[in-house]
Structure formats: C-alpha cells, structure tokens
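K.L.:
Need coordinates for the below:
(one chain, ligands or ions: 1)
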Amino acid sequence: MTMLDELQNAAETLGLSRYVRHIFLCADQTEAKCCAKEAGLESWEFLKRRLKELNLVGPRPLVYRTKANCLRVCVRGPIAVVYPGAVWYHSCSPDVLEEIIQRHLIKGEIVEQYLIARARVV
Ligand code: FES
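P.N.:
Residues are numbered from 1 along each chain as shown. The predicted model follows:
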C-alpha cells in the first residue's frame, strides 16, 4: 500500500472531511498548570460523553475532539479552543462545556462569558 493509500484510508476511516468544528481541550497534562489534573480529566470525560450522547461524533460526525497536553495559556483552565475561528475559552468545567457544546459547537454562537480571545480574521 502506498503512503497516499494509507493516508486516504485513515482519513476515510476517521471521516475527516465531514467534520465542521474541532475542539481542543487541555487535559491530562504532563504538568497540570491551568487546572488540577482531576478537573481536566473530568472535563475531558464529560466532553467525550456528551458529544457521543448528542450524536456529534460517530457515523455522521460534526465535531472532532482532541485532548491537548497544554495549550500554553496555563491559567484559569481547563482551557479549550474551537476551530474554525480559533475561539479560546477558559474555565471549561463540565457545566461550561455543556454551554459551549450547545451554543458554539451546535449553533455556531460564541459563548462570550468564557471567551479569552478569537481570531480577528477567519
Ligand atoms: S496546562 Fe492547560 S494550558 Fe497549559
């Protein structure tokens, strides 16, 4: 199998071309700085569970999720960033993530209350 075939298979298996948004969450860090390690893990487990319950991942995926070791903000975490638009959020506890899921990931609205920064040009 060629490199291109391998990559195309991986992309097909993951459904990469179907994702509309991508959320990165700082969790399970080597060095937990923005929040306690337990808090990051709790948020990560919540995020995974809710995306699945809401059918935002799976056969017709909308949201791709990635656990980041550190997003370099390192205060007031867990920190998350959503693409497209590079929209950065702080204090991403399960309750805050629920709001981000419902308003941003599903409807495309920015949750101003937890916003740190966003790209000026998208
Ligand atoms: S440890 Fe979470 S952003 Fe750096």
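
K.L.:
which SS class is Ile23?
P.N.:
Following DSSP: H, G, I helix; E, B strand; the rest coil, we place Ile23 in the strand state.

K.L.:
An error on my part: the question was meant for Ile110.
P.N.:
Quick answer, by three-state DSSP: Ile110 is coil.

K.L.:
is it true that it touches Glu99?
P.N.:
No: at 11.0 Å, Ile110 does not count as touching Glu99 under the criterion of CB atoms under 8 Å. Just so you know, the C-beta spots here come from the backbone N, C-alpha and C atoms, and that holds for glycine as well.

K.L.:
tell me what the lengthiest helix in the chain is packed against?
P.N.:
Criterion DSSP state H: the longest helix present in the chain is helix 37-53. On a contact count with 3 or more CB pairs under 8 Å, 6 or more residues apart in numbering; DSSP states H and E, helix 37-53 meets strand 21-26, strand 63-68, helix 94-99.

K.L.:
And those: which comes nearest the ligand?
P.N.:
strand 21-26 (3.4 Å; CB to the nearest ligand atom).

K.L.:
for this structure, what helix or strand is lowest in average pLDDT?
P.N.:
helix 3-14 (a mean of 93; mean pLDDT, DSSP states H and E).

K.L.:
quick one: contacts of that helix?
P.N.:
By CB atoms under 8 Å, 6 or more residues apart in numbering, the residues outside helix 3-14 that reach it are Met1, Ser17.

K.L.:
same thing but at 7 Å, please
P.N.:
Ser17 (CB atoms under 7 Å, 6 or more residues apart in numbering).

K.L.:
Return the set of buried residues in the longest helix of the chain.
P.N.:
Neighbour counts over helix 37-53 (16 or more other CB atoms under 10 Å) mark Ala39, Gly40, Leu41, Glu42, Ser43, Trp44, Phe46, Leu47, Arg50, Leu51 as buried.

K.L.:
try stretch 28-37
P.N.:
Within stretch 28-37, the residues scored as buried using 16+ other CB under 10 Å are Gln29, Ala32, Cys34, Cys35.

K.L.:
confidence score at the third one?
P.N.:
Read it as Cys34. Cys34 is assigned 98 on the pLDDT scale.

K.L.:
List the buried residues of stretch 56-68.
P.N.:
Leu56, Val57, Pro61, Leu62, Val63, Tyr64, Arg65, Lys67, Ala68.
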